[in-house]
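Enquirer: missing the sequence, but the structure's below:
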């Protein structure tokens, strides 16, 4: 079992839809949770960063962490075609918080 | 542009050849990371430096791979005797690690896409 599991998709939605992207993880020691967005043939860019459990909101994006279920989510409201990308969840690999382990990424396609 | 830069962006080589990639991090960042990403997968950690010191290497980093960061600024990743299985996107990231122990934010470069024929 990989440490971080993520459905690869693709997930296709119409413009304006609410999108839910999810990851599960196996290591209960993970404390920091990140979401990266990666456009085709580009490097990943950090979208959201949360610590421990709870919600964090930034504009149209909300990150949610449920440590009891080892489950994290990213919600995108009013999705736009420009949101079409691969979304990767990531967690620090070790207690030094230096290296990240990523999920496979979920490809999101938002059609106009 | 003050982001992470990588050179070259694309490299095509024949099996058995050596290749070298360069990464220039964000100037004030003290940590530099190398990751490898294959199609349909997330990035996988290879190695990282804090200043000049190489602090961690993944089991993925075979003895054909070597990375350096001689002056704590730019870094190079060399692959000797390339194999077709080395074909991937090689990503570099940098961060500013503080003593607080909080996870530091990694900023990624555009990557170098390697194709081994």
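Expert: Now that the structure is in, tell me what you want to look at. Fair warning: this is a prediction, and the values are worked out from it, not measured in the lab. Numbering: from 1, shown residues only, chains lettered A, B, ... in the order given.

Enquirer: got the contact list for the residue of chain A found nearest chain B?
Expert: Taking C-beta to the nearest C-beta as the measure, chain A has residue A:102 as its residue closest to chain B, at 3.0 Å. Where you see a C-beta, it was placed from the backbone N, CA and C, and this is true even at glycine. Residues near residue A:102 by C-beta atoms under 8 Å, 6 or more residues apart in numbering or on different chains: A:4, A:36, A:88, A:89, A:90, B:42, B:43, B:44.

Enquirer: JSON lines please, covering those and showing secondary structure, pLDDT and neighbour count.
Expert: Output for these, formatted as JSON lines (DSSP: H, G, I helix; E, B strand; the rest coil; pLDDT from 0 to 100; neighbours: other C-beta atoms under 10 Å in any protein chain shown):
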{"residue": "A:4", "secondary structure": "strand", "pLDDT": "91", "neighbour count": "25"}
{"residue": "A:36", "secondary structure": "strand", "pLDDT": "96", "neighbour count": "25"}
{"residue": "A:88", "secondary structure": "strand", "pLDDT": "97", "neighbour count": "26"}
{"residue": "A:89", "secondary structure": "strand", "pLDDT": "96", "neighbour count": "29"}
{"residue": "A:90", "secondary structure": "strand", "pLDDT": "93", "neighbour count": "26"}
{"residue": "B:42", "secondary structure": "coil", "pLDDT": "94", "neighbour count": "24"}
{"residue": "B:43", "secondary structure": "coil", "pLDDT": "95", "neighbour count": "29"}
{"residue": "B:44", "secondary structure": "strand", "pLDDT": "94", "neighbour count": "16"}
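
Enquirer: mind putting those residues in a markdown table, distance to residue B:31 included?
Expert: Listed next are those as a markdown table, based on distance: C-beta to C-beta, whole Å:
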| residue | distance to residue B:31 |
| --- | --- |
| A:4 | 21 |
| A:36 | 17 |
| A:88 | 19 |
| A:89 | 21 |
| A:90 | 15 |
| B:42 | 20 |
| B:43 | 15 |
| B:44 | 17 |
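
Enquirer: Residue B:51: which of the residues you listed is nearest?
Expert: Nearest to residue B:51 among these: residue B:43, at 22.5 Å, using C-beta to C-beta.

Enquirer: How much space separates the closest one from chain A?
Expert: 5 Å (C-beta to the nearest C-beta, to the nearest Å).

Enquirer: That residue and residue A:15: what is the separation?
Expert: Separation of residue B:43 from residue A:15 (C-beta to C-beta, to the nearest Å): 29 Å.

Enquirer: returning to that earlier point: skipping its backbone neighbours, what lies nearest the residue of chain A closest to chain B in space?
Expert: Spatially, and ignoring its direct neighbours in sequence, residue A:102 is nearest to residue B:42 (3.0 Å; C-beta to C-beta, 6 or more residues apart in numbering or on different chains).

Enquirer: Fine by me, thanks again.
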